[in-house]
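>>> Predicted coordinates and the sequence they were generated for:
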Amino acid sequence: MANTPIVELDDVHLKLMSSAGPVHILRGVSLCVNRGETVSVVGPSGSGKSSMMMVIGGLEKATSGLVRVAGESLAGMDEDRLAVFRRDHVGIVFQNFHLIPSMTALENVAIPLEFAHHPDPFEAAAQELEVVGLGQRQCHYPAQLSGGEQQRVALARALVCEPELLLADEPTGNLDGATGAHVVDLMLGLAERRGTALILITHALELAARCTRQIHLVDGQIADG
């Protein structure tokens, strides 16, 4: 299974409308990521890195081209089907954590399990918080947690349904160097142990180098990799 693709992009274009007219964000991106592979995506701001991740995660529809994830084409899926697809196959970690402030760490991690009708979502969420070193913080709200702790809660939430693919968009962008390195250590270690493919968007070249492959995106196109 290791050499079978989890992500396939073939000649993917993305055009979005702006007040100044259409903006061509992705320009014929083709990419294959195998199951269990770790791939970093680097490039200047505005090069299309986050947009490519949004397309892979089904959060943005490609204007044209093939987008296949976990063996399924995303083109014909409506929003409800895409939500179920993400729940079953894809975990996402964002730079700004995206935790629900009125919910505890435990409740935040349990949300995807509840949507998946897990028989005991809070027990499973508690176990995942233990894995990321926050077993003693599960009753704390996001405002009571440090940035690194919030990102570890977000990582636990992304991984609790055991996705085949983890997408991480600048997960260390709001963290200091040491805390960011710890979060990436955790992310890479968990991905390796679970056989989860990882696509990591980062400006930090030393973090990018820790993945098995680096992709350089420039002006909406892959420069190499």
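Looks like it came in fine.
>>> Touching the longest helix seen in the chain from outside, list them.
Criterion DSSP state H: the longest helix present in the chain is helix 177-194. Helix 177-194 is contacted from outside by 38, 93, 131-133, 146-148, 151-152, 155, 159, 162, 166, 168, 171-172, 175, 196-198, 200, 204, 207, 210-211, using C-beta atoms under 8 Å, 6 or more residues apart in numbering. (Glycine included, C-beta is placed from N, CA and C.)
>>> distance between the ends of stretch 58-65?
End-to-end span of stretch 58-65 (C-alpha to C-alpha, to the nearest Å): 14 Å.
>>> SS state for the residue positioned nearest the centre of the chain?
Relative to the mean C-alpha position of the chain, the nearest C-alpha, by C-alpha atoms, centre = their mean, is the one of residue 167, at 1.8 Å. Secondary structure for residue 167, judged by DSSP: H, G, I helix; E, B strand; the rest coil, is strand.
>>> Where do the helices of the chain begin and end?
Going by DSSP H, the chain shows helices at 49-56, 79-89, 105-115, 121-131, 147-159, 177-194, 205-208.
>>> Show me how far the fifth one is from its chain's centre.
When distances are taken as C-alpha atoms, centre = their mean, to the nearest Å, helix 147-159 is centred 12 Å away from the chain's centroid.
>>> Can you spell out which helices and strands pack onto that helix?
strand 90-93, helix 105-115, helix 121-131, helix 177-194 (3 or more C-beta pairs under 8 Å, 6 or more residues apart in numbering; DSSP states H and E).
>>> residues of the last one that come out buried?
When burial is assessed from 16 or more other C-beta atoms under 10 Å, helix 177-194 yields the following buried residues: 179, 180, 181, 182, 183, 184, 186, 187, 188, 190, 191.
>>> and the angle for that helix with helix 147-159?
Interaxial angle, helix 177-194 versus helix 147-159 (axes from the mean of the first three to the mean of the last three C-alpha atoms, to 10 degrees): 20 degrees.
>>> from the buried residues of helix 177-194, which single one is nearest residue 67?
Residue 67 lies nearest to residue 191 out of the buried residues of helix 177-194, by C-beta to C-beta, at 21.6 Å.
>>> any idea how far residue 108 is from the closest one?
Residue 191 sits 20 Å away from residue 108, taking C-beta to C-beta, to the nearest Å as the criterion.
>>> Then residue 183?
Distance from residue 183 to residue 108, by C-beta to C-beta: 16 Å.
>>> How about residue 36?
27 Å.
>>> which of those two has more neighbours?
A direct count of neighbours by other C-beta atoms under 10 Å for residue 36 and residue 108 places residue 108 higher, at 25 against 19.
>>> Of the helices of the chain, give the one that comes closest to residue 65.
helix 49-56 (9.0 Å).
>>> Not including adjacent chain positions, what is the nearest residue to residue 115?
residue 87 (5.8 Å; C-beta to C-beta, 6 or more residues apart in numbering).
>>> An error on my part: the question was meant for residue 96.
residue 174 (6.7 Å).
>>> what sits against the one you found?
Residue 174 neighbours (C-beta under 8 Å, 6+ apart): 95, 96, 97, 147, 151.
>>> Same question for residue 101.
141, 142, 143.
>>> Tell me the buried residues within the residues you listed.
By 16+ other C-beta under 10 Å, the contacts of residue 101 give residue 142 as buried.
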